[in-house]
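**Student:** Build me a model from this:
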Amino acid sequence: IKEKNPFPLICGWICPNPCEFECRRNLVDDPVSINALKKFVSNYEKQIGKRAMPYLPPAEGKKVAVIGGGVEGLTAAYYLRRLGHQPKVYEATEKMGGILRYVITEERLPRDVLDWEIEGILEVGVEAETGKTMGKDITLDSLFGEEIDMVLLTGGGWDSRQIMRGKSWGETPIPGTYLLLDFLYAFSKGEKNTLGKKAVIVGGGNTASKAANICLNNGAKDVTVVYPYSKEEAEAKGIEIDEKGKIKYIFSAAPVELQGDGEKLTTISIETPNGKIKELKLDNLIVGAGRFPEMLIAKVEEEGKQWKTVQILNVLKEEAGVGIFSTGETGRTNDLTGVVIAVRRGRKIARALQLYATDNEIAPEDLVITDEKELQNISEIVEAEPLQAPRGNVDSLMTLTEAEALSQAERCLNCGLICYKKELNRDKLNAISA
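**Tutor:** Residues are numbered from 1 along each chain as shown. Here you go, the predicted model:
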């Protein structure tokens, strides 16, 4: 269980268990209580106080600063350590956990369960510091000065930003880079910060023009708006384009890389429709997105360039998006499913960083079932007697007793061992041998 999920007990408490809708036991009576069984096993580990520890190679890989101690950041750090890297988590609040601690109620997720799972991640060798806000208490310059090789941004979604509300709009993880909403809100409240001479605004519809004018009225001399769609599409969306004014426009383009030196943003690379890369010098970047996506900032040993960004999940072919500010959060319908998705993405981030840092691909197992795979349809199960699921639980959240867990496990049809077992005839075997 822990091979794929460092939070098995947490998921046992909060996961909405969509896997049980696909359980083929449904064709006989009721699905196997998969989530309750995982919760039982994980709770047993907690009760005896002895953890199932994974194999850990020597910590001789990259030193990685993971910004954000939520589900995604902790998951990424856990798997990076298991791959031999040296991750250190920096969390802005006083305790790690993100939405697990500050959004999901204690009645749904007891805090001793949360603390137990986080302690397990630290015990594999992940270091952590709390009360450290990126852009305020720590910066790229300070981290790279501590011999950090890479900085991984996993700041979470909108709910995480709400947890930290009240922070200054100028406290951003990437120097000179602001979210459009923060930028407009700050200026509407009269909060002003020093802007450079050159600014670039990515996306944002009509509000991009408003932000561009604010930049021009506050010291910027050169302002460019980058849209991911064509001029015709922009006009069809009702976006006002004034190419005769001071604002420059680039259409059908997406930023693919940022570069900087110390605490100064210097260059943005933009991919144009013909596939060519166009570089723009800039002092400030304003992004029309609800949050900063998962991003890797890598140290670069070049004159005038100390660091560059990498949209880390784009390293994987199956996750390639459009530009560095694409955020993939499909499938998230609430905070509970969001936790499960964050675990999956944290694992993928670790896999992508391993590929980027070492050129060593960690390929998924051949028989892993994904959303894209086609499975054989089955309309009935033969030779399986109905066996009612146990209903007498310790509490209302499907905590099974040992007897109930054993009874529940007996209901499993072992689909992974039987349903996909194929028998080849003699002709096929001879052909394979040949």
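
**Student:** nearest residue to the residue sitting nearest the centre point of the chain other than its sequence neighbours?
**Tutor:** Centroid-nearest residue in the chain: Arg345, 4.3 Å away (criterion: Cα atoms, centre = their mean). In this structure, Arg345 finds its nearest non-sequential neighbour in Glu72, 5.6 Å apart by Cβ to Cβ, 6 or more residues apart in numbering. For the C-beta atoms, the positions are set from N, CA and C on the backbone; glycine is no exception.

**Student:** Contacts only, for that neighbour.
**Tutor:** Neighbour list for Glu72: Thr154, Gly156, Glu294, Ala342, Val343, Arg345, Gly346, Ile349 [criterion: Cβ atoms under 8 Å, 6 or more residues apart in numbering].

**Student:** Touching, the third one and Ala342? I think so.
**Tutor:** No. Counting by Cβ atoms under 8 Å, Glu294 sits too far from Ala342 to count as a contact (10.2 Å).

**Student:** Now do the helices in the stretch 151-300 of the chain.
**Tutor:** With DSSP state H, counting those that start in this stretch applied, the stretch 151-300 of the chain shows helices at 158-163, 180-188, 206-217, 231-236, listed in chain order.

**Student:** Would you reformat these as JSON lines and include mean neighbour count?
**Tutor:** Listed next are the helices of the stretch 151-300 of the chain as JSON lines, based on neighbours: other Cβ atoms under 10 Å:
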{"stretch": "helix 158-163", "mean neighbour count": "15"}
{"stretch": "helix 180-188", "mean neighbour count": "18"}
{"stretch": "helix 206-217", "mean neighbour count": "19"}
{"stretch": "helix 231-236", "mean neighbour count": "13"}
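
**Student:** want to throw these into TSV with distance to Leu265 and mean pLDDT?
**Tutor:** Compiled in TSV, the helices of the stretch 151-300 of the chain are given as follows (distance: least, Cβ to Cβ, whole Å; pLDDT from 0 to 100):
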stretch	distance to Leu265	mean pLDDT
helix 158-163	21	56
helix 180-188	14	87
helix 206-217	14	90
helix 231-236	26	90
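
**Student:** Distance to Leu280 added to these, as TSV?
**Tutor:** As requested, those are arranged in TSV below (distance: least, Cβ to Cβ, whole Å):
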stretch	distance to Leu280
helix 158-163	27
helix 180-188	18
helix 206-217	14
helix 231-236	19
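
**Student:** Return the distance of the secondary structure element (helix or strand) that Ala352 belongs to from the chain's centre.
**Tutor:** Using DSSP states H and E, Ala352 sits in helix 335-358. Mean C-alpha position of helix 335-358 versus that of the full chain (Cα atoms, centre = their mean, to the nearest Å) differs by 5 Å.

**Student:** Please apply the same query to stretch 197-211.
**Tutor:** Averaging C-alpha positions (Cα atoms, centre = their mean) puts stretch 197-211 26 Å from its chain's average.

**Student:** distance between the ends of that stretch?
**Tutor:** 14 Å (Cα to Cα, to the nearest Å).

**Student:** Report pLDDT for Ile418.
**Tutor:** pLDDT for Ile418: 47.

**Student:** wait, I meant Asp29
**Tutor:** Looking at Asp29, its pLDDT is 86.

**Student:** how about the strands of the stretch 1-150 of the chain, start to end?
**Tutor:** Remark: strands assigned in the stretch 1-150 of the chain by DSSP state E, counting those that start in this stretch are 63-67, 86-91, 127-130, 150-153.

**Student:** Redo these as TSV? Include mean neighbour count, distance to Lys38 and mean pLDDT.
**Tutor:** Formatted as TSV, those follow (neighbours: other Cβ atoms under 10 Å; distance: least, Cβ to Cβ, whole Å; pLDDT from 0 to 100):
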stretch	mean neighbour count	distance to Lys38	mean pLDDT
strand 63-67	24	26	96
strand 86-91	23	25	96
strand 127-130	15	26	96
strand 150-153	24	28	94
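
**Student:** Same list (these) but as JSON lines, adding distance to Glu240.
**Tutor:** JSON lines is the format used below for the strands of the stretch 1-150 of the chain (distance: least, Cβ to Cβ, whole Å):
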{"stretch": "strand 63-67", "distance to Glu240": "36"}
{"stretch": "strand 86-91", "distance to Glu240": "41"}
{"stretch": "strand 127-130", "distance to Glu240": "45"}
{"stretch": "strand 150-153", "distance to Glu240": "33"}
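
**Student:** of all these, which lies closest to Tyr55?
**Tutor:** Ranking the strands of the stretch 1-150 of the chain by proximity to Tyr55 (Cβ to Cβ) places strand 86-91 first, at 16.7 Å.

**Student:** Which strands or helices does that closest one pack on?
**Tutor:** Secondary-structure packing of strand 86-91 (3 or more Cβ pairs under 8 Å, 6 or more residues apart in numbering; DSSP states H and E): strand 63-67, helix 71-82, strand 127-130.

**Student:** out of the helices of the stretch 151-300 of the chain, which comes closest to Leu355?
**Tutor:** With Cβ to Cβ as the yardstick, what comes closest out of the helices of the stretch 151-300 of the chain is helix 158-163 (26.3 Å).
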